[in-house]
Each structure stands twice: as structure tokens, then as C-alpha cells.
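Peer 1: Here is the input, now give the coordinates:
(2 chains)
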Amino acid sequence: MEIRFTDPVPHLRLYPILARIPGSQILWVGPEVCSRHGMMTFIHNLRGRLSFFCYREIDAITGDYVRKIKDAAVEIIRERDASCLIICTICQGAVLATDEETLKRDIEKETGVPVEYMLTNRLFMHSAQRGEINKKKPEQVLFSFLKPAERDDGFSVNILDRFFETEESDLHAFLYSAGAQTIRTLPGCRTPEEYQQMAGAHLNVITDPSMRPAAEMMEEWLGIPWADMSAVYDSAGLGAQYDQLRERIGGDRSICEHMQALVADRMEQVKGLLYGHSLQMDPMGTANARELSRWLRAEGIDVPEIRGWPGPGGPGGPGRRRPPRELSRRPPGRGRGPFGRPGMPPGPPVFGAAADTAARPVTLSACLRVLDRIIETVEEAT
Amino acid sequence: MKGLWKYLVPFSPDTSGFASVISGTDGFALFDDIRGCGGNYRMTEEVRHPDFDRVAVSEIANEDVISGTAPKILRLFREMREALGEEPAFVMLCSCPVSSLIGTDLKAVAARITAESGVPASSVEFSGYESYDRGIRKTLTAMAGLLCEEPQEKRNAVNLLGANYLDWAESDADGVRAFFEDRAVQVLSAWGGNETAAHFRKSAEASRNVVLSAAGMETAKWMKKTFGIPYIAGAPFGRASSEKLAAAVRSGETPVWAQNDGQPQVLIIGEQFTSCALRESLLTDFGFRSVQTAGFFTMDKSMMQPGDLKLKEENDLLKLLLASEAEIIIADPMMDICPDPEKRWIQLPHLPVSTRLSGLERPALLGEQADAWLRSVLGGEEKV
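Peer 2: Numbering: from 1, shown residues only, chains lettered A, B, ... in the order given. I've put the predicted structure just below:
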């Protein structure tokens, strides 16, 4: 029997990602037609954070659009008391060779508020650009408003995750066991001040490869070293990364071993349930479908093919992520929360129907969760 | 500030109006664009699911900005033709922000397509700076110029102009031809919905045109000027409007619409002809005395009553909502940018405003369905 499997993930788009910065405003500039690219339900939820400035064709011809963008930016910053502004530009700006760097500096000078711009273009026309080209990725822009700061008094860590996982996991437990007093994530920052505190961290841990450029930028700009914990659906790989991290900062190896044992145990259960059946992976509705398939196949589970469009994850549904049961166990010697500290603040502001639901599986806890989901699916199907 | 949208998302662009019109025909719609204009349309505005996607994009790249996009459009046409396995009935080309900026000569490309394949081709100049209604308007007129043949005879039949899938619910756009045929009106062609070029070619044989949305008005005027075909305007939504419109089509006389009396009790924001048809119902069958209409899109003066407004900027909407004394507002849910608990907001989703954002379906309004819808949403507000 062929069993169809999906593991929905949030379909985060550019604007909700940028809106994760507390107090930020996003100003999109260009012709009307481009303003509706990727228009999804989140736009309504970003009302008050996202504005559109559509200059006229004549402004593009005369060059007056640059002044008008500046005026629009100043109006938004002042009216909404923005902590920072992100200007999103489009292809026509590239063809016009807009000098965004000068524009950015002019706005900053007039308002005193930091400004970044995002080239959301498909065209770049590099040779025609007069100003310095901002090649920052959205993940870098997220942290580019941080200013260099003194290191925190106690050991503090930022977790940089593409999908901004806020639930506590084995990674949190491990970091606490290594002496971390503060663990920050972007959605955990409620105010611009809390956001700025991320600049004082001793270590950044990335849990997704896409966050690597941001971590490198922060290392260069803020002097924060980083560690890679981005192995996906790979119990052994995650274990190896824990070992590397332990060499750098210490930590309790038993947390990882405990979770690895649970994952191995659950995998045996999955194998037993799937005996004689195959799993058909839906890549549009499953996070990291390829990596998950590879892992399952390596364990001897029949995953004959991934059907549909390949991709890193899909629009998926908003299915709420269920915390792994094992995480509610309190490790010995720890305090109140699941891993010895008060619970993390409730989830980040809701930007979209799916934005804060399922998270990308990057930890051993997540491996466990996906195995639970397979078990649920198989039990329902059989 | 002019052009700054702080609460609303700018509306569906001209290019989407273009795509929507061609998508239901047996022609091709080729965008000379990077990718986004076609993507917009497919993702958020295409409500039909045609077997063969007739909308395609040339996918301009950096080097094309320097070397020109004509070769890509020609290649795209050949690929589309090959994929379809037969000649399209016609081809319409459309410029977009970047191609309009670099000045691609689409007329020359269209001429090359015709010379190469014998397929009639034309182009419309869009820049992505205008709304979808202009896209529909200009595309319909360009198609009429390309396809309409000199009439060999005159027939007692009509062309339906402007019923489209962006302004209307899908079932209304699908059913409008049958609606008129059921009322003993022979329909030659439907411009804006699903139609074939063979019918477009014979359009000039019609004795009159029926303009069903403001976006169809320009084509009606063009046909009147070119072929002398008179036109009658109005949307067949609600008993009152439908009956007057059908009678006018049969008699050839201009319908006389109910007139406002006093301060507006209801404000309708949306496509003009739809708003006017709902006003007709509210004034005639629901006991209201005055209904104001307003819209960001084409507002034809012949359909406006004193107090009706053409909105240009978000601020115009804000001012209107703040100043309006109407107790009831009928509009797309996205338009509710300054909620007032004193007013009753009736949601009439409009695809070019909120796309599928609201998660609501636009109600079917054709014929007496509009009255049924009004009854359901007004509840106890009905005055008669």
C-alpha cells in the first residue's frame, strides 16, 4: 500500500520575514503591477507595517521618482514612529540605475532612523549601477540594523532559524547545559531594545543553511562567532554537530544521546508500521522532503518517489506543530521549564495564517516529531 | 502623499486586465516582461482553469535590456504555437514596466508574427502603472481593431461588451450570454469573457452593443464610431436593472434609471456598472431613497448621478469614509480602512482589490440573484 505523507510547513514570504524586526516599517516602491507579486494572505495581516509607493511613469522618465521615494519614506518613518525602514525595490529601479545607497543615506540623514534596502529584483543590471550594490539577502537584512555592542555579562546565544522556531528543543536544553543564561531568537524580541540586545551575544547558532550569510555578516560586523547546527533529518549528523559544539562551549552530551535513543526507538516503530507499505512524499506540503526521504530510505523504509514539484518546502497547510512528548520531561537538576528555565515568551506576533505554526525540522526533537507524524499518517491510512 | 498606499494594496494592474481578456479566447497573450506580471495574474487573478494556458511571458533577462527583447517574444510565440499544436486565432502582445521603459517596438514584433505565421497580431502598450480596468478597456479595443470585419449584413443581434472575470463572479460571466438569450436577445459575441475569434470577426453585424461594465465602454464607443453600432449600458444585476436593460436592448431605447433623492443612505464602492445596478435595486425594490456610488476604476459620466465619486488615491477613500453619512457601506472588505462601528459594512469581494485575500467568494448577482443577495445581507434593513 502506498501511503501519502505530508508535513506542512509555513510558507513565509519576504514581507512577513522582514516584519519580524520589532518596530520596523517596510516600504515597497515601484509600479502598481509589481506590488502584487506573491500577494498572499499575509499582506492584510501586515497592515500598518507595510506600505506601497507607486510613482508614476513620468517620474521614472524624469528621475523625480528618487525624490518622491525619499518623501514617502520620511512620511512613513515619522507617521509610524519606525525603529527602522526597509525599502523594497524592483526591476525597473535596476534598469533606471537607481542609486539606492545614496537614497538610503539621505533618508537616514533626514530622519535619524536606520534604513536598508532590499533588491527584490529579477534584473540587476550591475554594470549600470552607479552606487554600491547591496547584495544583502533578506536573512542578512534582518540583522543588519544591529549595532556593535559590549558582550553580555552572562553567556548568551542567538539562535538563527529560517523559520524562526520558538519552541524549546534539545538544542535549547544543550545550550543551557553549556551554561547559556540567555537564548534569544528574533521573534522572541518584542521591542527594538530587545532586538538590539542580540548584538551582545557570545555566540550565534544557525539551524538552517540559509542563515549562514547572516551569521557571517554578524561575525564580521558585530564580532559574534557562530556555530553550524543545520543538519536536517540526520540523527548522526546532528550528533556530530553537537560534539563539535560541545568542544567549543561544553555542554551535556547525555541530552543529545537521550534524544538520539528516542529517535532510534521511534524509527523502529515506524519501520514496523510501514512493513509492506511505501511512503509517497508530497514535496509541496512537506518540509525538506528530499532530506526526509533520504533519511527514511537510509533506514530501509520504502520511499519510491517524491511526487509533484520539487522544492525546499511548500505552501502547506497551517497544521499546528505538536510538541514532542519527550520534551516535557525535565532533565535532572534543572528548574521550572521543560529544560530548566521559565518557558519562552509566547509566539511572535501573528503575521499570517501559517506563519507561526509548523516549524522546519532541524533538531532531534523535530526528527522525533516527524516520525510521530508518520506514525499518525500510517495509522490513519491503515 | 500621492501614490502612497498605507493601508490598501495597489489594485490589479493593466496587465492583469489584458491577460484576463485573452485567457478566455482562442488567441495568445504574450507579455514582454521579466516574469512577475504573468505570475501575478496566474497566482491571484485567474479564476478559470483552462486546459491550455494562453498567457505567457518572454522572461526578459539583464542582457535583453541591452540587446532587445524582440527575439525572445518571437521565440515564445513559436514555442507556444508548437505546444498548442495548431495556429492560435490571434496574438496580442503587451508591454510591461521594463519593456515599456526600454521601448520595445511591439508593433514591429506583432507585424513579424503575422508575416511569419499569417496569424493576426497586435499589441497594447501597458506599463504596469494603471489599473486592470484600463487593461480590459484597451485590450478589448485593440482586439476589435484587429479582428472585426466589415459587416456583410446586419443582424438583429447584440454583442456583449465588458463582462469579465475580474469584475464579475465566475458564474455571472459564464451565464450572461444565456441570460440574454433567455430573454429573446440573440448574442453574436461576448467581449471580455470566454469567446472565439470567429465570433469577434462577425461582431460588426450586430444591430447594437450591450455594455456590461465600465471597462467595455471604450470598445462600444469605438464600434459606434467605426461601424455605427449604437450601444446600451448597464449591468443585468437585480430584477429592476435586468428588466430595464433587457427591454432597452429589445426596443433600442436608452433605459431610464431611478434617481437619488436626498442624502445617501447607502454607499457602494466598486466597479461602476455593478454599483449602479445594485443602486437600481435598492432604490426600486428595497425602499432606499438615495445611494451613492464611488470607485477607483473607470467611472463613465453617463452612468453617474450627482454625488457619485471617482476615487484616485487612498486618501480620497479615507476622506469619503470619514465624511459619508451613509448607514450602510457595500464594498470589498479591504476597503474598510477606518472601521466605524456606527456603519454597517457589507462585504462585496472584488478580485482586483483583495484578490482571494478575504477568503470570500464574490456572490452571484446575475438577474434576480442580486436581489436575493441584497435581501440576505441587508436582513431587517429592507425598507419595503
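Peer 1: For residue B:108, which non-adjacent residue is closest in space?
Peer 2: Closest residue to residue B:108 apart from its sequence neighbours, by Cβ to Cβ, 6 or more residues apart in numbering or on different chains: residue B:70 at 7.2 Å. Every residue, glycine included, has its C-beta placed from N, CA and C.
Peer 1: what's the neighbour count on the one you found?
Peer 2: A total of 17 residues lie near residue B:70 under the criterion other Cβ atoms under 10 Å in any protein chain shown.
Peer 1: Pop out the phi and psi values for it.
Peer 2: Note on residue B:70: its backbone torsions stand at phi -50, psi -50 [degrees, to the nearest 10].
Peer 1: List the contacts of it.
Peer 2: Going by Cβ atoms under 8 Å, 6 or more residues apart in numbering or on different chains, residue B:70 touches B:104-105, B:108-109, B:112.
Peer 1: With residue A:70 instead?
Peer 2: Counted by Cβ under 8 Å, 6+ apart, residue A:70 has contacts A:103, A:106-107, A:110.
Peer 1: Near chain A, which residues of the stretch 101-250 of chain B are found?
Peer 2: Residues of the stretch 101-250 of chain B lying close to chain A (Cβ under 8 Å from any Cβ of the partner chain) are B:101-102, B:127-131.
Peer 1: where does chain B dip in pLDDT?
Peer 2: Filtered on pLDDT under 70, chain B yields the residue ranges B:357-358, B:380-384.
Peer 1: Mind doing that once more with 50?
Peer 2: The model of chain B has pLDDT under 50 over residues B:384.
Peer 1: Check it for the residue nearest chain A and tell me.
Peer 2: In chain B, no residue comes nearer to chain A than residue B:128, which is 3.1 Å away by Cβ to the nearest Cβ.
Peer 1: ok so, going back, looking at the residues of the stretch 101-250 of chain B next to chain A, state which has the most neighbours.
Peer 2: Busiest of these [other Cβ under 10 Å] is residue B:128, holding 32 neighbours.
Peer 1: okay, the nearest residue to it once chain neighbours are set aside: pLDDT?
Peer 2: What sits nearest to residue B:128 in space, not counting adjacent residues and going by Cβ to Cβ, 6+ apart, is residue A:33, at 3.1 Å. Listed pLDDT for residue A:33 reads 83.
Peer 1: just checking, residue A:33 touches residue B:37?
Peer 2: Yes. Counting by Cβ atoms under 8 Å, residue A:33 does reach residue B:37; the two are 5.5 Å apart.
Peer 1: which residues are in contact with both of those two?
Peer 2: With Cβ under 8 Å, 6+ apart as the test, residue A:33 and residue B:37 both reach B:13, B:15-16, B:96-97, B:128.
Peer 1: which other helices and strands contact the longest strand along chain A?
Peer 2: Counting residues, the longest strand found in chain A (DSSP state E) is strand A:278-286. Using 3 or more Cβ pairs under 8 Å, 6 or more residues apart in numbering or on different chains; DSSP states H and E as the contact test, the elements touching strand A:278-286 are strand A:2-7, helix A:289-298.
Peer 1: got the angle between that strand and helix A:289-298?
Peer 2: Strand A:278-286 runs at 160 degrees relative to helix A:289-298, counting by axes from the mean of the first three to the mean of the last three Cα atoms, to 10 degrees.
Peer 1: can you give me the helices in the stretch 201-350 of chain A?
Peer 2: Using DSSP state H, counting those that start in this stretch, the helices found in the stretch 201-350 of chain A span residues A:212-222, A:235-249, A:253-273, A:289-298.
Peer 1: Including mean neighbour count and mean pLDDT, could the ones you listed go into a markdown table?
Peer 2: Output for the helices of the stretch 201-350 of chain A, formatted as a markdown table (neighbours: other Cβ atoms under 10 Å in any protein chain shown; pLDDT from 0 to 100):
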| stretch | mean neighbour count | mean pLDDT |
| --- | --- | --- |
| helix A:212-222 | 17 | 95 |
| helix A:235-249 | 16 | 90 |
| helix A:253-273 | 17 | 93 |
| helix A:289-298 | 19 | 86 |
